[in-house]
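Trainee: Would you be able to build a 3D model of this:
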Amino acid sequence: MKKAFITGATGFLGLNLVEQLQDKGWEIHVMHLPGEDLSYLSRFKVRTCQGNILNPMALQAAIPKGVDAVFHMAGDTSTWSKNNARQMEINVGGTVNVLRAAMSAGTKRFVYTSSISAFGFHDKAISEATPSRAKESKITYHISKHISEQEVRKISSGIQTVILNPCNVIGPYDQKNWAQTILTVYQGSLPGYPPGLGTFAHVRDVVSAHIAAAEIDNPLGQYVIGGTPTQFEKVFAVIESILGRPHDGKVISKGKLALATQLFKIKSWFDHKEPLVTREKYMRLVGTQLCDDRLAIRDLGLKHAPLEEMFNDSYQWLLRENLLHA
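Mentor: Residues are numbered from 1 along each chain as shown. The predicted model follows:
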């Protein structure tokens, strides 16, 4: 029986990974933060321990000796500059800690969930060979993911590492990301549609690629995990269709979105809450995100689910869990 150790197992991607690994008969070990909500994780057969990826000693004690694969999924995805220092510490320092602990435990393979954001912004499709513009973007999330990738390549010794760069991920167990967009449409509080273009992938396909990265012989060191490229307006039209809501095609201009971003920023000065739209989110909503994922298709068997399927699966899960409230 193969053994896996997972960080970030209580999160959206992590829960889907646990589910698929269990279906494939893996023995699963996870580390979670003290006091973290384990209500979903407890539905699966996993061996848990408490700890923090910022604590090297806790990681050394948590990772089983000779485990087949360490899946490092934990990270800070904040898009608010107020959290920059914390984000760098978790995404860079935490990744280094997990990798070193995995090496010390004699782990066979280290699979690191980075992000397409590690490449920064590009007008053309991003592939594994695309030079990173993360630092040019001046967005800490981009920079932290880029630096963490550099650290993985620099310090890995005696362990096979695979870096994966997923795009927008949609599906069950999501409560914070695109699930919030579904909730906004469900509540009828959507002011319009952003003008950008993104690439969207079903979480099932993204997680299947992760497992393949841990199982196949001689993987490459990095794979872009793409999906279906679509204008944001089309994405919202699909969500509205699933929910039976009308679509008016009202696109918010870059100028209006930029103004709203500034107003939300000013509001945050007074209420000390993360703005609904930050500069980082604005750059993403008006930009272009395309992926050249031919290597992942070839080596990892990556599939591209239709938008309707991924968003319907996400909606149906929210419905079953009673997480939609008007």
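
Trainee: The closest residue to residue 117 other than its chain neighbours: helix or strand, and which one exactly?
Mentor: Distances taken as C-beta to C-beta, 6 or more residues apart in numbering put residue 142 closest to residue 117, at 4.7 Å, once the chain neighbours are dropped. C-beta: built from backbone N, CA, C; applies to glycine. Using DSSP states H and E, residue 142 maps to helix 140-155.

Trainee: I'd like the distance from the very next helix or strand once past that helix to the chain centre, please.
Mentor: On the C-terminal side of helix 140-155, the closest following helix or strand by DSSP H and E is strand 160-166. Relative to the centre of its chain, strand 160-166 is centred 13 Å away, using C-alpha atoms, centre = their mean, to the nearest Å.

Trainee: Run through the neighbouring helices and strands of whichever helix or strand comes after strand 160-166.
Mentor: For strand 160-166, the following helix or strand on the C-terminal side (DSSP H and E) is strand 168-170. Helices and strands touching strand 168-170, by 3 or more C-beta pairs under 8 Å, 6 or more residues apart in numbering; DSSP states H and E, are helix 178-187, strand 197-202, helix 203-215, helix 307-320.

Trainee: And those: which comes nearest residue 148?
Mentor: helix 203-215 (16.7 Å; C-beta to C-beta).

Trainee: residues in contact with the closest one?
Mentor: 4, 12-13, 16-17, 20-21, 24, 68-69, 71, 109, 111, 113, 162, 164, 166, 169-174, 219, 223, 225, 227, 296, 299-305, 310, 313 (C-beta atoms under 8 Å, 6 or more residues apart in numbering).

Trainee: Next, the buried residues of it.
Mentor: 203-214 (16 or more other C-beta atoms under 10 Å).

Trainee: Stretch 155-169: how far from the chain's middle?
Mentor: 13 Å.

Trainee: From the opening residue of that stretch to its closing one, how far?
Mentor: End-to-end span of stretch 155-169 (C-alpha to C-alpha, to the nearest Å): 29 Å.

Trainee: In it, which residues are buried?
Mentor: Applying 16+ other C-beta under 10 Å to stretch 155-169 flags 156, 159-169 as buried.

Trainee: Now list the buried members of the contacts of helix 203-215.
Mentor: 4, 12-13, 16-17, 20-21, 68-69, 71, 109, 111, 113, 162, 164, 166, 169-174, 219, 223, 225, 227, 296, 299-300, 302, 304-305, 310, 313.

Trainee: which ones among the residues you listed are found in strands?
Mentor: Residues of the buried ones among the contacts of helix 203-215 located in strands (DSSP state E): 4, 69, 71, 109, 111, 113, 162, 164, 166, 169-170, 223, 225.

Trainee: Could you save these as CSV and add columns showing pLDDT?
Mentor: Formatted as CSV, those follow (pLDDT from 0 to 100):
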residue, pLDDT
4, 98
69, 98
71, 98
109, 98
111, 98
113, 98
162, 98
164, 98
166, 98
169, 98
170, 98
223, 98
225, 98
